[in-house]
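K.L.:
How does the following fold in three dimensions:
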Amino acid sequence: MTDNATGQDQDVLNSLKARILSDVLPDVPFDGWTRTVMMKSADRLGIDRGEVQLAFPCGPVDLVSYFLADGDRRMTEALGEVDLDALKIREKVTLAVRTRLEVDTEHREAVRRAGTYLAMPTSGTRAPQVIYHTVDAIWRAIGDTSTDYNFYTKRATLSIVYGSTLTIWLGDDSDDLAETWAFLDRRIAGVMQFEKVKAQVTKIAGKLPDPLGLLARLRYRTSRS
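P.N.:
Residues are numbered from 1 along each chain as shown. This next block holds a predicted model:
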C-alpha cells in the first residue's frame, strides 16, 4: 500500500470518527457514553456497525478519548487566532485553560459523563492519559518548547490546576461562569507565586558552595591534619 493510499484511508477513518461523534453527542447527556449509543448512531448514519468497531476498537472508551482530544484540537485552533506573544506566561496559561473549557460550553454534560465514565475501573489508565494529552496540548499551544525537567513539572502542575478548575466548571451555575474564572485566576496566581519562590531559592542555592565539593575538601583537610 502506498503512502498516499494510507493517507487517504486515514482521512476516511478520521471523517468516520467525526461523523459518529457528532451524531452521538445529543444522546450522551441522557444515555451516557455507551456501546448502545454508538450502535444507534451507526443505524442513523446508515453505516455498518462493524465500521463503528473499526473507528473505535475499544468501544466507548475510545470514543470518549476522541471527544476529549477533539476538544484539545479545537482549543489549539482557537488559540491560533490569538496574538499570544503579546501576553505574559500567566496570561497565556489562564487564557488556554479558559479556552479549553469554553470550546465545550455546549457539551458540559457530555464532559461530565466522560469524567464519570473514565473514573470507572473498566477504563483502565485512560483517565490520566487524556488529562496528560490536554495539558500537553495547552503548553504546546502557547509555545512551550521545554525538553528538560521543566517539561514534566509544568505538565504535572497544570494537570492539578486544570483538573480542579474543570470540577468547578462542571458545577458552576453563576452568571457567565464567573465563579469558574475567579477560581482559575486564584489557582494560577498560587502556582505563579510558587514558581517565583522556587526560582528565588534556586538562585540563592546556586551561590552556595557545592555541598559535595565542600565535604570532599573537609575530608581532605581532616586526613592531612
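
K.L.:
Name the helix or strand for the most centrally placed residue in the chain, please.
P.N.:
Nearest to the mean C-alpha position of the chain, counting by Cα atoms, centre = their mean, stands residue 134 at 1.3 Å. Residue 134 belongs to helix 126-141 when assigned by DSSP states H and E.

K.L.:
From the contact counts, what lies against that helix?
P.N.:
Counting contacts by 3 or more Cβ pairs under 8 Å, 6 or more residues apart in numbering; DSSP states H and E, helix 126-141 is packed against helix 60-79, helix 89-102, helix 108-118, helix 149-171. C-betas here are computed from N, CA, C, even on glycine.

K.L.:
tell me the angle the last one makes with helix 108-118.
P.N.:
Regarding helix 149-171 and helix 108-118, their directions subtend 120 degrees when assessed with axes from the mean of the first three to the mean of the last three Cα atoms, to 10 degrees.

K.L.:
Could I have the CA atoms of helix 149-171 written out in CSV?
P.N.:
Extracted C-alpha coordinates of helix 149-171, given in CSV (Å, rounded to 0.1, in the frame of the first residue of the first chain):
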residue,chain,number,x,y,z
TYR,A,149,12.9,18.6,33.8
ASN,A,150,10.5,21.6,33.4
PHE,A,151,8.7,19.8,30.7
TYR,A,152,7.3,17.3,33.3
THR,A,153,6.9,19.7,36.2
LYS,A,154,4.9,22.1,34.0
ARG,A,155,2.5,19.4,32.9
ALA,A,156,2.2,17.9,36.4
THR,A,157,1.4,21.3,37.9
LEU,A,158,-1.1,22.3,35.2
SER,A,159,-2.9,18.9,35.4
ILE,A,160,-3.8,19.9,39.0
VAL,A,161,-4.9,23.4,38.0
TYR,A,162,-6.9,22.1,35.0
GLY,A,163,-8.5,19.2,36.9
SER,A,164,-9.7,21.3,39.8
THR,A,165,-10.9,24.1,37.5
LEU,A,166,-12.8,21.5,35.4
THR,A,167,-14.6,20.3,38.5
ILE,A,168,-15.7,23.9,39.4
TRP,A,169,-16.7,24.5,35.8
LEU,A,170,-18.9,21.4,35.6
GLY,A,171,-21.0,22.6,38.6
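
K.L.:
Quick one, which of the helices and strands packed on helix 126-141 gets closest to residue 138.
P.N.:
Between residue 138 and these, the shortest gap by Cβ to Cβ is with helix 89-102, which sits at 4.5 Å.
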